[in-house]
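A.B. asks: heads up, no residue letters with this:
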C-alpha cells in the first residue's frame, strides 16, 4: 500500500523506497520538493506518477512469516513488481528514489532488472556491497558505528518496542522520530502487536545473520555512556554467510545514479561508505543526454533524515536529482 497519483497514459514514473523504522509517510517533504522542481524547470515532462509504498513488513503492507521472507532478494522482487507496474502504466522505465534501507533494495533492483530502472537517487541510502564490506571488518569504524543495529536484532526487541520501548528509542533516533506519534503507532500496530515490530526488524535479522543473539537489555548499552566500556561486550558475531548475501546482492552500478548524502549522518562512516559507492560506478560510463553517470551531493551539517524533514534540504536534494530524472525519463 502507499501513496500514488492518478495519471493515466504517458507519465513520468517515480518509485520512492523508505527505510527503517519508517513507512510511506516519510517521503512527504522530498516528494513535494521533487514535484515542484520538475514542474518549475522541466515542464515538458509527462505528468508525474509517484508511488511511495509501505514495503514488505511495514504498516499496512504484507507480513510474510516464513524464514528468509525479508532477505534482500525478496524485497528487490517486490520493488521490481512495482517498477514493472509503473512502466506498464506510464510507458517508460521507473526512476527510483531511496532512503536508508531503501538504498540496498534500489541497488539490488537495478542489479536484477536494469532495464526496468531509468536511474536512481540514493539519499543517505548505501549500496549494500559498499556498506556490508565495511561492517564485515570488525576493525572498521563502520562496524563499531553499526552496533546500534544489534538492539533491533536482539531477543525480546519486538515486545520491548511495543510495550514502551518506542518512547525510549525516539530521542536516540532523532528527527523525524523525536516527536514520534506516527512511528510509535506503526511500531505498536493495534492489529498486529509485537508482530508489527518483528516484521520490520526482520530486514536486519534476515540479512545480517548472527551467530548468537543478545537480550535487548544487554544490547541497549551501545546507546549509553558505557558504549565504549569493555563491560558493553556487544558486537557483531557473524553466523553462516554473515554479510556475504548483502555484498553479493548488487555489484557495479548498472544505471545512472545520484547520491545525496548528509555528511553529519551518525549511522555511517560517511567518507568510507561514499568511497565504496563511488568505486562501484563505471569510470567511463556516461549518463543520458551527456550527464555524468554518477554524481554525489555532499551536504555538510545535514543528518540522516534532513532531506525528509527540512524543506531546505529537500529542495537541495530535489534540485540535484531532477536533471537526471528528467533526462532519464525523456522518450
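C.D. replies: Received it, and whenever you're ready, just let me know what you need. Bear in mind that the values here come from a model prediction, so they are computed numbers and not experimental data. Numbers count the residues shown, from 1 in each chain.
A.B. asks: give the contact list for the closest residue in space to residue 130 that isn't next to it in sequence.
C.D. replies: Nearest in space to residue 130, with sequence neighbours left out and distances taken as Cβ to Cβ, 6 or more residues apart in numbering, is residue 276 at 3.1 Å. C-betas here are computed from N, CA, C, even on glycine. When contacts are counted by Cβ atoms under 8 Å, 6 or more residues apart in numbering, residue 276 is found next to 127, 129, 130, 131, 133, 134.
A.B. asks: Sitting in helices, which of those residues do you find?
C.D. replies: Of the contacts of residue 276, the ones assigned to helices by DSSP state H are 129, 130, 131, 133, 134.
A.B. asks: Strands of the stretch 201-331 of the chain, start to end?
C.D. replies: Remark: strands assigned in the stretch 201-331 of the chain by DSSP state E, counting those that start in this stretch are 257-262, 294-299.
A.B. asks: need the ones in helices among the contacts of residue 276 in TSV with pLDDT, can you?
C.D. replies: Converted to TSV, the ones in helices among the contacts of residue 276 look like this (pLDDT from 0 to 100):
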residue	pLDDT
129	97
130	97
131	97
133	96
134	96
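A.B. asks: Quick check: of those residues, which lies closest to residue 62?
C.D. replies: residue 131 (25.9 Å; Cβ to Cβ).
A.B. asks: how long is stretch 114-132 end to end?
C.D. replies: End-to-end distance of stretch 114-132 (Cα to Cα, to the nearest Å): 22 Å.
A.B. asks: which stretches of the stretch 151-300 of the chain aren't confidently modelled?
C.D. replies: 164-195, 226-227 (pLDDT under 70).
A.B. asks: ok so, going back, if you rank the ones in helices among the contacts of residue 276 by neighbours, which is first?
C.D. replies: Neighbour counts for those peak at residue 131, which has 26 neighbours (criterion: other Cβ atoms under 10 Å).
A.B. asks: does that one really touch residue 140, like I thought?
C.D. replies: No: counting by Cβ atoms under 8 Å, residue 131 stays clear of residue 140, with 10.6 Å between them.
A.B. asks: just to revisit the earlier point, need the strands of the stretch 201-331 of the chain in TSV (columns: distance to residue 80 and mean neighbour count).
C.D. replies: Formatted as TSV, these follow (distance: least, Cβ to Cβ, whole Å; neighbours: other Cβ atoms under 10 Å):
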stretch	distance to residue 80	mean neighbour count
strand 257-262	17	25
strand 294-299	22	18
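A.B. asks: Quick one: those strands as JSON lines, columns for distance to residue 313 too.
C.D. replies: Listed next are the strands of the stretch 201-331 of the chain as JSON lines, based on distance: least, Cβ to Cβ, whole Å:
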{"stretch": "strand 257-262", "distance to residue 313": "7"}
{"stretch": "strand 294-299", "distance to residue 313": "7"}
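A.B. asks: if we can go back for a sec, spatially, which two of the ones in helices among the contacts of residue 276 are the most separated?
C.D. replies: Using Cβ to Cβ, the ones in helices among the contacts of residue 276 span at most 9.7 Å, a distance reached by 129 and 134.
A.B. asks: For residue 61, see how far away residue 109 is.
C.D. replies: Distance, residue 109 to residue 61, using Cβ to Cβ, to the nearest Å: 17 Å.
A.B. asks: So for these two, which residue has more residues nearby?
C.D. replies: Between residue 109 and residue 61, counted using other Cβ under 10 Å, residue 109 has the larger neighbour count: 31 against 16.
A.B. asks: Which strands or helices does the host helix or strand of that one pack on?
C.D. replies: Element membership for residue 109, per DSSP states H and E: helix 102-112. Applying 3 or more Cβ pairs under 8 Å, 6 or more residues apart in numbering; DSSP states H and E, one finds that helix 102-112 contacts strand 12-17, helix 72-90, strand 94-99, strand 117-123, helix 128-135.
A.B. asks: From what I see, residue 267 and residue 148 are in contact.
C.D. replies: Yes: Residue 267 is in contact with residue 148 according to Cβ under 8 Å; the separation is 7.5 Å.
A.B. asks: Reformat the contacts of residue 276 as JSON lines; add distance to residue 158.
C.D. replies: Converted to JSON lines, the contacts of residue 276 look like this (distance: Cβ to Cβ, whole Å):
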{"residue": "127", "distance to residue 158": "29"}
{"residue": "129", "distance to residue 158": "29"}
{"residue": "130", "distance to residue 158": "29"}
{"residue": "131", "distance to residue 158": "24"}
{"residue": "133", "distance to residue 158": "29"}
{"residue": "134", "distance to residue 158": "28"}
